[in-house]
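Colleague: pasting the sequence and the predicted coordinates here, then a few questions.
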Amino acid sequence: MQQGPGADEVLAAITAEPATTLVAADFDGTLSPIVDDPERAFADPAAVDALARLGRVVGTVAVITGRPVRTAVRLGGFAGRDGLGSMVVLGQYGVERWDADGDRYDVPPDPPELAAVAEAVPALLAAHDAEGARVEDKGRAIGIHTRELPDAAAAFERLRGPVTALAEQHGLHLEPGKQVLEIRLPGMDKGHAIEALVAERGARQVVFAGDDLGDLPAFAAVRGLAARGVRGLLVCSGSTEERALSDQADVVVDGPAGVADWLAALADRLGA
């Protein structure tokens, strides 16, 4: 683990006022390992245990993910979990929401623009020698995974331009990630989502853990919240595939297992 000097000051504030603290995390690559089949990317039980402990003492525990919210809740095993009774899960970068209190889902209808994109994707993959790419229908987004192709990195770069053009043709946005190109509606990202949640809950300290390019807006938002007097602590779930977040993080840990250990240590510190 690597921890910058600014982390101690924020941790002291969290320890002093846990009830005004928001602890939020991305899902894939942060709470769950990156695996070939996204439907098998279950959250690390140790990470969920740590979140449940934190949920008993901090103001809010949240997950902010590009996944559909129902998928994240299922793969996380969050529903009905002791300690997570006030948890919030924001799916599709904040468009969808689940509140553990009352087991309430808010899921808007799927955008029609994505149907036309879905029809065009198979021909695009065939034209760029990537027929074996896994296509994931996320309802409000389409993910094209190159991880299982013979040369995943080369296929990712080969597809990036054409997929961007396809997204823009339909007024959509491309979100690149770890060997995945995700097409979704513009106008919402994890930065907007975390800012809204901080305002809703009146948080004075915020922790956000992420691992991927889609988490950069959340990192920027947490830094920007300092101007409003909200202290922020950024945790990077480090990997060999993506280093964009490492230089911006206050704490760098070794993948989801490292995130779980760090969250457990925070729970220990707070006496949870």
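Modeller: Noted; the coordinates are in hand. Numbers count the residues shown, from 1 in each chain.
Colleague: ok, residue 207 - contacts?
Modeller: Residues counted as contacts of residue 207 (CB atoms under 8 Å, 6 or more residues apart in numbering) are 10, 14, 21-24, 232-235, 266. (Each C-beta comes from the backbone N, C-alpha and C, glycine too.)
Colleague: run me through the strand neighbours of the helix or strand that contains it, direction for each.
Modeller: Residue 207 is part of strand 205-210, with elements assigned from DSSP states H and E. Using DSSP bridges, strand 205-210 pairs in its sheet with strand 21-25 (parallel), strand 231-238 (parallel).
Colleague: closest to residue 79 out of these?
Modeller: Nearest of the strands paired with strand 205-210 to residue 79, taken as CB to CB: strand 21-25 at 17.1 Å.
Colleague: what does that closest one contact?
Modeller: Residues from elsewhere that reach strand 21-25 (CB under 8 Å, 6+ apart): 14, 31, 47, 51, 54, 58-64, 194, 197-198, 201, 203-210, 218, 235, 259, 263, 266.
Colleague: distance check, residue 180 against residue 85.
Modeller: To residue 85, residue 180 is 32 Å away according to CB to CB, to the nearest Å.
Colleague: which of these two has more neighbours?
Modeller: residue 180 (23 against 15; other CB atoms under 10 Å).
Colleague: for that one, list each beta-bridge partner.
Modeller: With DSSP bridges as the rule, residue 180 is bridged to residue 145, residue 177.
Colleague: show me what contacts it?
Modeller: 143-147.
Colleague: which among those residues gets closest to residue 255?
Modeller: Closest to residue 255, out of all of the contacts of residue 180 and judged by CB to CB, is residue 147, at 15.7 Å.
Colleague: leaving out chain neighbours, which residue sits closest to the closest one?
Modeller: Leaving aside its sequence neighbours, residue 147 sits nearest to residue 179 (CB to CB, 6 or more residues apart in numbering; 4.2 Å).
Colleague: neighbours of that neighbour, just the number please.
Modeller: 21.
Colleague: what are the phi and psi values for it?
Modeller: Main-chain dihedrals, residue 179, degrees, to the nearest 10: phi 60, psi 30.
Colleague: before we move on, what about the one 4 residues further on?
Modeller: Comment: the main-chain dihedrals of residue 183 come out as phi -100, psi 130, following degrees, to the nearest 10.
Colleague: same check, this time on residue 134
Modeller: Per degrees, to the nearest 10, the backbone of residue 134 is at phi -80, psi 130.
Colleague: which one is it nearest to, not counting chain neighbours?
Modeller: residue 145 (4.1 Å).
Colleague: neighbour count and pLDDT for the contacts of residue 180 - can I get that in JSON lines?
Modeller: Listed next are these as JSON lines, based on neighbours: other CB atoms under 10 Å; pLDDT from 0 to 100:
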{"residue": "143", "neighbour count": "20", "pLDDT": "90"}
{"residue": "144", "neighbour count": "24", "pLDDT": "94"}
{"residue": "145", "neighbour count": "23", "pLDDT": "92"}
{"residue": "146", "neighbour count": "25", "pLDDT": "92"}
{"residue": "147", "neighbour count": "19", "pLDDT": "87"}
